[in-house]
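Q: any chance you could fold what I've pasted below:
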Amino acid sequence: MHLHLSLSSLSTFRFLWTTVALLSITETSLDAQDTADDESAQQSTTATWPDKLRLSGDFRSRYEGFYKTSRPTRNRTRLRLRLRIDSEINNDTRFQLQVASGDPGTPASTNQTFEGFFQPKPLNLDRAFVAYNPRAAEAITLGIGKFPTPVMRTQMTFDDDLNFEGGWEQFSWKPQENVAIDLVALQTAVNEVSGGADAYMLGGYGAASFTFGSNSLQLSAANYMWRNADQIVAAQASGELTSILTNRVIRNADGIATNFASEFNVVDIIAEATLNTPNPDYPLRLLIDYAVNTKATTDRKGFWIEAGYGDPGPVGSWGATYTSGWIEQDVTPSAFVFSDMPGTNIRLNMIETSYVVKAGLSLDVTLHLTKRLVVAQNDTSNHLLARLHVATVVRF
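A: Got it, this is the predicted structure:
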């Protein structure tokens, strides 16, 4: 059998083949364009790494004057610089990194004194932590690293600049529209010893917050359980830890402090109320804090009261706070309390004021008045210590 193809049949075949090829090329081009459009759309909705970073910080420089009977007036100038990076790793996870000025031997302060013949000042790793808050269980937050205090407290127990090392777990929910509950478990590594028992602090915390229109009330209770805390004394005696030591201690034959006179289990109860005033930019705040060291037999209590008016924010706004503290000698480890007061065993009166001059720029003035509660029988130098701070603060 012979197959005959006419010229017209060949022409028709060539036309059909060319048409199919063109359609195939066109479809391939359209698919490629759709893929490119999808990738472009995905790139437009997915933030790049630099887009996820948020930079912030603050700078403060202040004059400090020390005034005490029978002692020469001391004049000191200091700075504080903190630079912070926050990043949303994903929808559930955030990371924070902060470097700060200050003496690395003093964990309760990021202040750097102007001294040392113009030598450069150090920056230290002040924070580095990750917090996991899953969208599927928004009430839960898990964190680990070097992190700020995740609970309500006052500077009677922990300075504002202190950052813990370890981890925390938080459970927060609102049983009602105007009621919020927070529960926190805290595990910190105070000191690690390769050939012995480690020093650590465990914490448990609970708080209930209530709102009544523009007014609010928060009640909280915490328990800080210190273990093997005598290592703090050893570090202070050796100079490794330069923060103040005012707790009762036991000394060896050479007069070197080796142990605390008591252990520490600090129960801290705080009530804070914020009340609206006729001027909504100037609320009234009242805080009362009572702490007791249940492991000590004497000098174990502390009282802290704050009364504040105003909330500096807009340009031209101001605020003032009065603080009164009665901090007995062994209420809490003195190494970590408010760095601007001379440890524990003191009576404190403090007035703070702040005025916002320009956006991000404020002028702060603080006056501290302190006096020791208990002194040795042969010590006649317990005069009132007045400390005046005048500061310029920049926030960015």
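Q: show me the contacts for Phe264.
A: Counting by Cβ atoms under 8 Å, 6 or more residues apart in numbering, Phe264 makes contact with 224, 226, 229, 293, 295-296, 330, 332-333. No exception for glycine: its C-beta is placed from N, CA and C like everyone else's.
Q: gap between it and Arg60?
A: 31 Å (Cβ to Cβ, to the nearest Å).
Q: in the stretch 101-250 of the chain, which spans are helices?
A: 230-238 (DSSP state H, counting those that start in this stretch).
Q: the strands in it, which residues?
A: With DSSP state E, counting those that start in this stretch as the criterion, the stretch 101-250 of the chain has strands at 112-113, 123-132, 140-148, 163-176, 179-191, 199-212, 215-227, 249-251.
Q: compile those into JSON lines and extend it with columns for mean neighbour count, distance to Val365 and mean pLDDT.
A: Converted to JSON lines, those look like this (neighbours: other Cβ atoms under 10 Å; distance: least, Cβ to Cβ, whole Å; pLDDT from 0 to 100):
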{"stretch": "strand 112-113", "mean neighbour count": "16", "distance to Val365": "19", "mean pLDDT": "96"}
{"stretch": "strand 123-132", "mean neighbour count": "17", "distance to Val365": "26", "mean pLDDT": "98"}
{"stretch": "strand 140-148", "mean neighbour count": "17", "distance to Val365": "26", "mean pLDDT": "98"}
{"stretch": "strand 163-176", "mean neighbour count": "16", "distance to Val365": "27", "mean pLDDT": "97"}
{"stretch": "strand 179-191", "mean neighbour count": "17", "distance to Val365": "34", "mean pLDDT": "98"}
{"stretch": "strand 199-212", "mean neighbour count": "17", "distance to Val365": "31", "mean pLDDT": "98"}
{"stretch": "strand 215-227", "mean neighbour count": "18", "distance to Val365": "28", "mean pLDDT": "98"}
{"stretch": "strand 249-251", "mean neighbour count": "14", "distance to Val365": "36", "mean pLDDT": "96"}
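Q: Glu306 is nearest to which of these?
A: Between Glu306 and those, the tightest spacing by Cβ to Cβ is seen for strand 215-227, at 13.0 Å.
Q: bridging residues for Leu361?
A: Lys358, Val394 (DSSP bridges).
Q: I'd say it and Tyr355 touch.
A: No: here Leu361 lies out of contact with Tyr355, judged by Cβ atoms under 8 Å, at a distance of 9.9 Å.
Q: neighbour count for the two, which is higher?
A: Set side by side, Leu361 and Tyr355 show unequal neighbour counts under other Cβ atoms under 10 Å, the larger going to Tyr355 at 17 against 14.
Q: could you check the pLDDT of that one?
A: On pLDDT, Tyr355 comes in at 98.
Q: before we move on, what about the one 3 residues further on?
A: Lys358 is assigned a predicted lDDT (pLDDT) of 97.
Q: okay, now it: neighbour count?
A: Residues lying near Lys358 (other Cβ under 10 Å) number 9.
Q: from the chain's centroid, how far away is stretch 58-78?
A: Computed by Cα atoms, centre = their mean, to the nearest Å, the separation of stretch 58-78 from the middle of its chain amounts to 26 Å.
Q: stretch 261-269 now?
A: With Cα atoms, centre = their mean, you get 22 Å for stretch 261-269.
Q: flag every buried residue along that stretch.
A: By neighbour count with 16 or more other Cβ atoms under 10 Å, stretch 261-269 contains the buried residues 261-266, 268.
Q: same check on stretch 232-250?
A: Quick answer for stretch 232-250 (16+ other Cβ under 10 Å): 232-237, 241, 243-249.
Q: select, out of the strands of the stretch 101-250 of the chain, the one closest to Gly102.
A: Between these, strand 112-113 lies closest to Gly102; by Cβ to Cβ that is 5.5 Å.
Q: and that closest one, how far from the chain's centre?
A: With Cα atoms, centre = their mean, you get 20 Å for strand 112-113.
Q: elements contacting that strand?
A: strand 74-88 (3 or more Cβ pairs under 8 Å, 6 or more residues apart in numbering; DSSP states H and E).
Q: buried residues, the strand it packs on. List them.
A: By neighbour count on 16+ other Cβ under 10 Å, the buried set for strand 74-88 is 78-85, 87.
Q: partner strands of that strand, with direction?
A: Strand pairing (DSSP bridges) places strand 74-88 next to strand 53-68 (antiparallel), strand 93-101 (antiparallel), strand 112-113 (antiparallel).
Q: pLDDT on the first one, on average?
A: Which is strand 53-68. Throughout strand 53-68, pLDDT has a mean value of 97.
Q: about what we covered before: deepest of the strands paired with strand 74-88, which one?
A: Of all the strands paired with strand 74-88, strand 93-101 carries the top mean neighbour count, a mean of 19, counting by mean count of other Cβ atoms under 10 Å.
Q: what's the mean pLDDT across that strand?
A: Per-residue scores along strand 93-101 average to 98.
Q: just the angle for it relative to strand 163-176, thanks.
A: Relative orientation of strand 93-101 versus strand 163-176 (axes from the mean of the first three to the mean of the last three Cα atoms, to 10 degrees): 140 degrees.
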